[in-house]
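> coordinates for the following, if possible.
(chains A and B)
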Amino acid sequence: MENNNRKGWLYLLPAIAFLGLFMVYPLIDVFLYSFEEGYNFASQTYLGIGGYNYGYVLHDPYFLQALKNTFILVIITVPVSTGLALLISVGLSSIKKVRELYQTIFFLPYVTNTLAVGLVFMILFKQTPYTDGLANLILSWFNAGPVDFIDGPYWAKMFVLCLYTVWIVMPFKVLILTSALASVDEIYYNAAKVDGTSKFRIFTKITLPMISPTLFYLIITGFIGAFKAYSDAVALFGVDLNAAEMNTIVGYIYDMLYGNSGGYPSYASAAAIILFAIVLTITCINLLVSKKHVHY
Amino acid sequence: MEVTLQHLTKRFPASGKKGKDVIAVNDFNVVIPDGKLIGLLGPSGCGKSTALNLLSGLLKPTSGKIFFGDDDVTNLPAENRGVGLVFQNYALYPHLTVKQNITFPLENRKGKDKLTKQQMSDMALEAAKLVQLEGLMDRKPSELSGGQQQRVAIARALVKMPRILLLDEPLSNLDARLRLQTREELRRIQRETGITTIFVTHDQEEAMSISDLIIVMKDGIIHQIDLPQAVYDSPVDLFVAKFLGTPPINVFEGYVKGEKLYIGEEAVLDVPGVVDQPVTATIRPEGFVLAENGALTCNLNRVEVMGRDISVVSTHPLCENESIRSIISAENIAQITGDKVRFDLKEDKVFLFHKETEQRIEF
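Numbering: from 1, shown residues only, chains lettered A, B, ... in the order given. Below you'll find the model as predicted:
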């Protein structure tokens, strides 16, 4: 038994070593950094230990802007993308012909180069001396606009960012949900049909509970993914996100480390720990809520 | 509710290009009397479940009509037929409790049929009592035994007071002891509710023991509709004779000459009124009587003692079965000696069938 134990640990060693070195150690280090006041990057020294970094970050208007942006992004994109993905996958499951074709089309964004996607969004939304973009063309049919979606008002930029995020994360969700729907045994639908159940009730009372574990997985990963959003904003608005008022928390952390105003690992660490706390809290709330609604 | 099937046919298109269409249900013409328990019996893959699904409305017939009473329900979708269906693997909703499962069909009612929570609860309890489940209302299906799940499925089918109750292989997922017990239950529940019930089974014993009426089918064709004893005592064709009875019926190649049935050289039975022809002669295991100068001589293999009866296992060159099994009262065990055994035959346990058509030849 004792011998077996040692063998087991030996097998685990490579994984533990790598995880420890590249995950656990940096995590602890970040935690420590976040409490080191007046840290000097060049001399690797600090003045003292305390909560000043947190105070600074929480009062930094750029951080507050990033916090606000991130929250708006999360609150809008997670429900919208999950809901739309559910709608699309239910639609996909109910058709038989050309289903594979549609499935491929819906999965395209997932395999498309981010830069190409960025280009598409430019054509849709960017104003240039020659054109106002496709979106504005459509708006003009309704006698509205033009709106500058890339450098214009805050709501317009946020709209584009949310649209972009939803569009990017949707294919994966559609894929997962279609397979979850396909795994629900036909016999439950037959049983419900014989009992005179309406289509809507079949969906809410049978389909949804049956795929709830998958749905829950998508919501949790969706929340975490949206909280960590950064590259999408860069793809749309360039690297100076603070100036564009479109920064996210991760963007703020990056700027604090490497950006033009960078070189402050302590502030970055404090912001990272705050993000970690937020994600942890939201995930815990999710888990608690799911106990009631998820059926395994 | 009397159920009438008129020329009911279900044809499934061939799966491959070269395949043939499968006719799972071929021209069913049946009147199922009101308030009876009917067993739909046949080997696996003979179209029993298809027939059941046509009745439930989950499948649409290719042609023919279905009547419940005087209502033509042929084109009525499953949800409007008012049938209760118990699936082979029960199809209980795993995320709902027993009570929620049973009330599920009731919650579907709309408009003036809508029930209050209290009414639904009462009806569910009543159905649960009928299947003796009232103590388990808050359990999830996964916390129940197979037999209990089966009863939940029956309660769920019964709670909406269906016009007819359909059961697809209701006992096949239960162990032997539970099967015996549950089939008594089924019988009792059917008697108490008086609902016309049709159940599908491949187990002849199951069908024989509880049905009021048995429908024997094979390859989509109904072979015989009769009382259980009549199906056994007077099969209309060779398939029915072979399919029913354990141990199985013994099948011999024989011929009729001068109103006598011959098996090989031996004239074994008088068959008045039958013209001379080759026949398939079948003899039930209990149709053999040991006799010192019996008409049929067989090579004795062994004797199996089963307490009250003994089973004489022998062979005969003209017998289709690998070995002939004859059930004989244990009192006669002393008479069996040597390597030959001779039998006389009981007239009512011998059936003759036409060699080609396999139809019964009466005598």
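
> quick one: low-confidence ranges for the stretch 51-200 of chain A?
For the stretch 51-200 of chain A, applying pLDDT under 70 flags the ranges A:129, A:144-145.

> helix, strand or coil for B:L85?
Using DSSP: H, G, I helix; E, B strand; the rest coil, the structure places B:L85 in strand.

> residues near it, how many?
The number of residues packed near B:L85 is 27, by other CB atoms under 10 Å in any protein chain shown. Glycine gets a C-beta too; all of them are placed from N, C-alpha and C.

> list the contacts for it?
Counting by CB atoms under 8 Å, 6 or more residues apart in numbering or on different chains, B:L85 makes contact with A:190-191, A:194, B:52, B:56, B:58, B:157, B:165-168.

> neighbour count and secondary structure for the residues you listed - can I get that in a markdown table?
Listed next are these as a markdown table, based on neighbours: other CB atoms under 10 Å in any protein chain shown; DSSP: H, G, I helix; E, B strand; the rest coil:
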| residue | neighbour count | secondary structure |
| --- | --- | --- |
| A:N190 | 17 | helix |
| A:A191 | 28 | helix |
| A:V194 | 28 | helix |
| B:L52 | 24 | helix |
| B:S56 | 21 | helix |
| B:L58 | 20 | coil |
| B:A157 | 25 | helix |
| B:L165 | 23 | strand |
| B:L166 | 25 | strand |
| B:L167 | 26 | strand |
| B:D168 | 22 | strand |
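
> go through these and name the one nearest A:I206.
When the contacts of B:L85 are ranked by distance to A:I206 (CB to CB), A:A191 comes first, at 8.7 Å.

> the closest one contacts B:A91, correct?
Yes - A:A191 lies in contact with B:A91 (CB atoms under 8 Å); the separation is 4.1 Å.

> what's the closest non-adjacent residue to the closest residue to chain A within the stretch 251-363 of chain B?
In the stretch 251-363 of chain B, the residue that lies nearest chain A is B:E358 (36.6 Å; CB to the nearest CB). Leaving aside its chain neighbours, B:E358 sits nearest to B:L238 (4.0 Å; criterion: CB to CB, 6 or more residues apart in numbering or on different chains).

> look at A:S261 and report its pLDDT.
Turning to A:S261, the model gives it a pLDDT of 65.

> same question for A:M1.
So, for A:M1, pLDDT stands at 55.

> could you do B:E79 as well?
83.

> any idea how many residues pack against the nearest residue to B:A78 once chain neighbours are set aside?
Spatial nearest neighbour of B:A78, excluding adjacent residues (CB to CB, 6+ apart): B:G57 at 3.4 Å. Using other CB under 10 Å, B:G57 has 22 other residues around it.

> I'd say B:G57 and B:V83 touch.
Yes - if you go by CB under 8 Å, B:G57 and B:V83 touch, sitting 7.0 Å apart.

> which helix runs longest in chain B?
Assignment by DSSP state H gives helix B:176-193 as the longest helix of chain B.

> outside of the helix or strand following it, which residues touch it?
Downstream of helix B:176-193, the next assigned helix or strand under DSSP states H and E is strand B:196-201. If you take CB under 8 Å, 6+ apart as the criterion, strand B:196-201 is touched by B:1-3, B:32-41, B:48-49, B:51-52, B:55, B:163-172, B:186, B:190, B:207, B:211.

> list the contacts of the nearest residue to B:I189 once chain neighbours are set aside.
Nearest non-adjacent residue to B:I189, counting by CB to CB, 6+ apart: B:L130, 6.0 Å away. Going by CB under 8 Å, 6+ apart, B:L130 touches B:155, B:158, B:189, B:192-193.

> thinking again about what came up before, out of the contacts of B:L85, which one sits closest to B:K112?
Closest to B:K112, out of all of the contacts of B:L85 and judged by CB to CB, is A:V194, at 21.9 Å.

> that older thread, identify the contacts common to B:G57 and B:V83.
A:V194.

> contacting residues for the residue nearest the centre of chain B?
By CA atoms, centre = their mean, chain B has its centre lying nearest to B:L41, at 2.8 Å. Contact analysis of B:L41 by CB under 8 Å, 6+ apart lists B:48, B:201-202, B:204, B:207, B:214-217, B:243.

> beta partners of it?
B:T201, B:V216 (DSSP bridges).

> B:D212 touches B:I38, doesn't it?
Yes - using CB under 8 Å, B:D212 makes contact with B:I38 at a distance of 6.7 Å.

> neighbour count: those two, which is higher?
Neighbour totals were compared for B:D212 and B:I38, and B:I38 leads with 24 against 16 (other CB under 10 Å).

> so for the strand or helix carrying that one, mean pLDDT?
Element membership for B:I38 (DSSP H and E) is strand B:37-41. Mean per-residue pLDDT for strand B:37-41: 92.

> may I see the buried residues of the helix or strand B:Q148 falls within?
B:Q148 is part of helix B:146-158 when elements are defined by DSSP H and E. Neighbour counts over helix B:146-158 (16 or more other CB atoms under 10 Å in any protein chain shown) mark B:147-158 as buried.

> what's around residue 69, how many residues?
In the absence of a named chain, chain A is used. A:N69, neighbours per other CB under 10 Å, totals 24.

> hm, I was asking about chain B
Counted with other CB under 10 Å, B:G69 comes out at 14.

> residues of chain B that sit close to chain A?
By CB under 8 Å from any CB of the partner chain, the residues of chain B that approach chain A are B:56-58, B:77-85, B:87, B:89, B:91, B:93-95, B:104-105, B:107-110, B:156, B:160.

> give me the pLDDT for the residue nearest the centre of chain A.
Nearest residue to the geometric centre of chain A (CA atoms, centre = their mean): A:A226, 2.1 Å. For A:A226, the model assigns a pLDDT of 89.

> was I right to think B:L174 contacts B:Q150?
Yes - counting by CB under 8 Å, B:Q150 is a contact partner of B:L174 at 6.6 Å.

> overlap in contacts of those two?
The contact lists of B:L174 and B:Q150 share B:T182, where a contact means CB under 8 Å, 6+ apart.

> which residues of the stretch 151-296 of chain A fall in helices?
A:154-182, A:186-194, A:199-202, A:208-227, A:231-237, A:241-244, A:249-258, A:265-293 (DSSP state H, counting those that start in this stretch).
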